[in-house]
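In: Could you work out the structure for the sequence below:
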Amino acid sequence: MSLGKTEVEYISRLTQIDVQENQIESVAKKLSNILELFAQMEAVDTEEVAPMAHPLDAVQRLRPDAVTEVDQHERLQAIAPAVAEAYYLVPQVIE
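Out: Alright, predicted model coming up:
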């Protein structure tokens with residue numbers, strides 16, 4: 001696909017990118033090359049290729065979901081300035 005001056009001007013307006021008059025031909029060629037690359041990639045047969053989330057078959061190491069901390073909820077709330085129904089009360093900062 002080959003882009004011309006009109007298409008480059010239209011794209012530059014849509015993207016709000018200022019393309020100078022002397023750069024239009026160069027930008028048109030670069031955009032045309034990008035679109036040609038997309039066309040080539042689209043033409044590749046990927047029917048037999050399994051989709052993958054990551055190019056390396058990395059497995060996320062997960063730790064067991066077990067409690068490792070001691071419950072200090074009551075001790076911490078005992079030293080808080082204000083508590084109500086197991087929640088910390090703080091001064092209102094937004095009116």
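In: Let me see the ranges of the strands in the chain.
Out: Along the chain, the stretches classed as strands by DSSP state E are 83-84, 87-88.
In: got these as CSV, with mean neighbour count, mean pLDDT and distance to Met41 columns?
Out: Every C-beta, even on glycine, is put in place using the N, C-alpha and C of the backbone. Putting the strands of the chain into CSV (neighbours: other C-beta atoms under 10 Å; pLDDT from 0 to 100; distance: least, C-beta to C-beta, whole Å) gives the following:
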stretch, mean neighbour count, mean pLDDT, distance to Met41
strand 83-84, 10, 93, 60
strand 87-88, 10, 93, 54
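In: For Leu3, find the nearest of these.
Out: strand 87-88 (60.2 Å; C-beta to C-beta).
In: Which residue would you name as the spatial centre of the protein?
Out: The residue lying closest to the centre of the chain (C-alpha atoms, centre = their mean) is Ala53, at 14.8 Å.
In: can you tell me how far that one sits from Glu42?
Out: As for Ala53, its distance to Glu42 is 21 Å (criterion: C-beta to C-beta, to the nearest Å).
In: ok so, going back, how far away is the residue nearest to the centre of the chain from Arg63?
Out: Distance from Ala53 to Arg63, by C-beta to C-beta: 21 Å.
In: same question, Glu69
Out: Taking C-beta to C-beta as the measure, Glu69 falls 14 Å from Arg63.
In: Point out the other helices and strands that the lengthiest helix in the chain packs with.
Out: Looking across the chain with DSSP state H, the single longest helix is helix 24-43. Under the contact definition 3 or more C-beta pairs under 8 Å, 6 or more residues apart in numbering; DSSP states H and E, helix 24-43 sits against helix 5-15.
In: With that, I have no additional questions.
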